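**Q** Pasting the sequence and the predicted coordinates here, then a few questions.
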Amino acid sequence: MKAEFHDSALRDLPLLDRALFQSFGAGPIRIPPFHHIHHAVGQQAARHPDLTAVEHLGESITYAELDRRAELLAEFLTRAGVRPGDQVGLFLTRSIPMVVGILGILKAGAAYVPQDVRIAPAVHLRHIVRTASINFVLTTSEHRSALPDNLATVIAIDEVPDTTRFCRTFTEDSDIAAVIFTSGTTGRPNGVRVSHANLCNVLLTAPGCLGVAPGTRVSQLLNIAFDMAMWEILGTLAHGGTLVIRGSDIERTASTVDVVIATPSVLASLDPAVCRRVRTVAVAGERCPQALADAWSRHAVFHNSCGPTEVTIVNTVQRYEPGGPLTIGRPVPNTTVYVLDDDLRPCRIGEIGEMWSGGECVTAGYLGDPELTAARYLPDPFLGGDRLMFRTRDLGRWTHDGQLEHHGRTDDQVKVRGFRVELDAVTSALESATDCSRATTLLHNGSLVGFISPASAAPEEARRAVEELLPYYCVPTLIVPVDTLPTTDRGKVDRRALLSRLDGQKETVA
């Protein structure tokens, strides 16, 4: 069973396209077993108290101990003055106390606001504290000195007085679970309010649950400020899995787990031959190269996913089969995807348009920015009522069998010699060269520049690959081989770092 779209919103489509737009665009209806994500974790602690919940650098903690420490922290926060609906900063780095902090904040009825203190500059942390009206920041004694002065009331999780006997103050649950700050178009980060209902919908239903069960080992590789880290952490603990938090060696951690959740850039740094234990992989956050999907899908279930933070981690998923067409799949349960034209009218099946998302994936907007929220979250004419749909800025189209093909971003469309060019299309063509495993394309001084990896890849071959697949104006002026594509702290290709390498390069194809 699926949600029914309003006929009035489909009136511009032919009858056949109306039926397919509805059939393809609505995910199945499923009822998540919990309304708050930490309640799912609490059930695992009650059912499997002795199972290992978290491992990190040789240390571990059971579900019973994790729950006890989180309850203690929640009571400490409540007595300190944290109230349901508050935002609490979680400024530290990957560790067992990080997980205790997340659950403790949720149990106190507040929302957690994560940042990695090793990476986030002081001005960024101050902006977040100010924007989210944060009065309390959780960290560890190790990282307290890394925080700016006069930030907020700072509490070191590992210094909370330990006691086995305490009386928990009753606190109501909050609707909002986390505030994830994304890179904003205005030059400052925007705080996206992710609700418990959002998280339960994607993490407690298939395919988002990824088959995690008690004892399943799942890696925690990503920056804690990245929305996909919620998939790793809460998605694991809600199903009784063991979260294996990485140290400095990502591949060493990945080689010990059953499930890996990563960006394609992070996954590309891992060798499938070394990570033979891995049986399930999920990627999102950026475009996935076909070769990467083929390499991993030969020995693991491979999920290619898509969705910005504003639609709760991911809202479309494809279970990819080796050699098949790589798409971003179909809507996850209780969510919708609409491919619309510039006037917000439904596109016919097979036509490229902008993807808008609706249903239970749609988050509660930007914290403290009602104008931006009103611009990106609009009334949903397909579901009606008070439902909203979100503008993803992703371009896509439906295939004849109801799969979503990703066709770049509206903000990745550039003009070259008066022609409109999709950077992702050029990148895909570069990667079709036999000796190129990964690539990316940038616009620099009005010209297209391609970066290909590994450094042994031949620019001439990459150029010919683009010439064979795309119009002449899509051929990069410069193609630069590099050992690896640099990544940001969130595991995506670092375009700024690549642009900085162009100084002194000749404007010709090598």
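**A** Looks like it came in fine. From a predicted model like this one, the values you see are computed outputs, not experimental measurements.
**Q** gap between Ile245 and Gly215?
**A** 17 Å (Cβ to Cβ, to the nearest Å). Glycine gets a C-beta too; all of them are placed from N, C-alpha and C.
**Q** So between the two, which is more surrounded?
**A** Ile245 (22 against 13; other Cβ atoms under 10 Å).
**Q** The host helix or strand of Val317 pairs with which strands, parallel or anti?
**A** Here Val317, judged by DSSP states H and E, is contained in strand 316-320. According to DSSP bridges, strand 316-320 forms sheet pairs with strand 301-306 (antiparallel), strand 330-331 (antiparallel).
**Q** by how many degrees do the top strand by length along the chain and strand 316-320 diverge?
**A** Using DSSP state E, we find that the single longest strand of the chain is strand 388-398. Orientation of strand 388-398 against strand 316-320 (axes from the mean of the first three to the mean of the last three Cα atoms, to 10 degrees) gives an angle of 30 degrees.
**Q** Out of the strands paired with strand 316-320, which is closest to Asp175?
**A** strand 330-331 (22.8 Å; Cβ to Cβ).
**Q** Just give the closest residue to Asp386, not the sequence neighbours.
**A** Once flanking residues are discounted, Asp386 sits nearest to Pro379: 7.9 Å by Cβ to Cβ, 6 or more residues apart in numbering.
**Q** got a list of what that neighbour touches?
**A** Asp386, Arg387, Leu388, Met389 (Cβ atoms under 8 Å, 6 or more residues apart in numbering).
**Q** Which stretches in this protein count as helices?
**A** Counting by DSSP state H, one finds helices in the chain at the ranges 15-25, 37-47, 63-80, 96-107, 122-131, 196-203, 228-237, 250-254, 264-268, 290-297, 370-376, 423-431, 459-469, 495-500.
**Q** Need those helices in CSV (columns: mean pLDDT).
**A** Below are the helices of the chain laid out as CSV (pLDDT from 0 to 100):
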stretch, mean pLDDT
helix 15-25, 97
helix 37-47, 98
helix 63-80, 97
helix 96-107, 98
helix 122-131, 94
helix 196-203, 98
helix 228-237, 98
helix 250-254, 98
helix 264-268, 94
helix 290-297, 96
helix 370-376, 96
helix 423-431, 92
helix 459-469, 94
helix 495-500, 86
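**Q** Out of these, flag the one nearest Gly359.
**A** helix 196-203 (8.3 Å).
**Q** got the angle between that closest one and strand 301-306?
**A** Using the same axes, to 10 degrees: helix 196-203 against strand 301-306 is 140 degrees.
**Q** starting at the chain centroid, how far to helix 196-203?
**A** Taking Cα atoms, centre = their mean, to the nearest Å, one finds the center of helix 196-203 at 14 Å from the center of the full chain.
**Q** The longest strand of the chain packs against which elements?
**A** helix 15-25, strand 335-340, strand 353-359, strand 377-379, strand 404-409 (3 or more Cβ pairs under 8 Å, 6 or more residues apart in numbering; DSSP states H and E).
**Q** just to revisit the earlier point, present the helices of the chain as CSV; the columns should include distance to Pro325 and mean neighbour count.
**A** What follows is the helices of the chain, written out as CSV (distance: least, Cβ to Cβ, whole Å; neighbours: other Cβ atoms under 10 Å):
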stretch, distance to Pro325, mean neighbour count
helix 15-25, 15, 17
helix 37-47, 34, 20
helix 63-80, 41, 20
helix 96-107, 37, 27
helix 122-131, 40, 17
helix 196-203, 24, 25
helix 228-237, 24, 27
helix 250-254, 27, 19
helix 264-268, 17, 24
helix 290-297, 9, 20
helix 370-376, 30, 14
helix 423-431, 12, 23
helix 459-469, 16, 18
helix 495-500, 27, 14
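**Q** Kindly provide the distance from the residue nearest to Asp386 to Ala146.
**A** Pro379 is 43 Å from Ala146, by Cβ to Cβ.
**Q** Leu383 too?
**A** 45 Å.
**Q** Of those two, which one has the most company?
**A** Leu383 (21 against 16).
**Q** got a list of what the more buried one touches?
**A** Ala3, Phe5, His6, Thr336, Gly358, Gly359, Met389.
**Q** OK, contacts around the most centrally placed residue in the chain?
**A** For the chain, Met228 is the residue whose C-alpha lies nearest the centre (Cα atoms, centre = their mean; 3.6 Å). Residues in contact with Met228, defined by Cβ under 8 Å, 6+ apart, are Leu222, Ile261, Ala262, Thr263, Ala284, Gly285, Ile313.
**Q** likewise Ala262?
**A** Ser219, Leu221, Leu222, Met228, Leu270, Val281, Ala282, Val283, Gly491.
**Q** The fifth one: how many residues sit nearby?
**A** As a burial measure, the neighbour count of Leu270 was computed by other Cβ under 10 Å and equals 21.
**Q** I'd assumed Val260 was in contact with it.
**A** Yes: using Cβ atoms under 8 Å, Leu270 makes contact with Val260 at a distance of 7.4 Å.
**Q** who touches both of these two?
**A** Contacts common to Leu270 and Val260, judged by Cβ under 8 Å, 6+ apart, are Ala254.
**Q** Could you check the pLDDT of Arg118?
**A** Residue-level confidence at Arg118 comes out at 92, pLDDT.
**Q** Spell out which residues sit in contact with it, please.
**A** Going by Cβ under 8 Å, 6+ apart, the list of residues near Arg118 reads Thr93, His143, Ala146.
**Q** can you list the helices of the chain in TSV and add distance to Thr477?
**A** What follows is those, written out as TSV (distance: least, Cβ to Cβ, whole Å):
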stretch	distance to Thr477
helix 15-25	39
helix 37-47	48
helix 63-80	54
helix 96-107	45
helix 122-131	35
helix 196-203	41
helix 228-237	34
helix 250-254	34
helix 264-268	24
helix 290-297	25
helix 370-376	34
helix 423-431	11
helix 459-469	10
helix 495-500	14
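**Q** Which one of those helices lies nearest to Ser437?
**A** That would be, of the helices of the chain and by Cβ to Cβ, helix 290-297, which comes in at 5.7 Å.
**Q** list the contacts for the nearest residue to Gly384 once chain neighbours are set aside?
**A** Computed as Cβ to Cβ, 6+ apart, the closest residue to Gly384 that is not its neighbour in sequence is His6, at 5.1 Å. Taking Cβ under 8 Å, 6+ apart as the contact definition, His6 lies against Pro381, Phe382, Leu383, Gly384.
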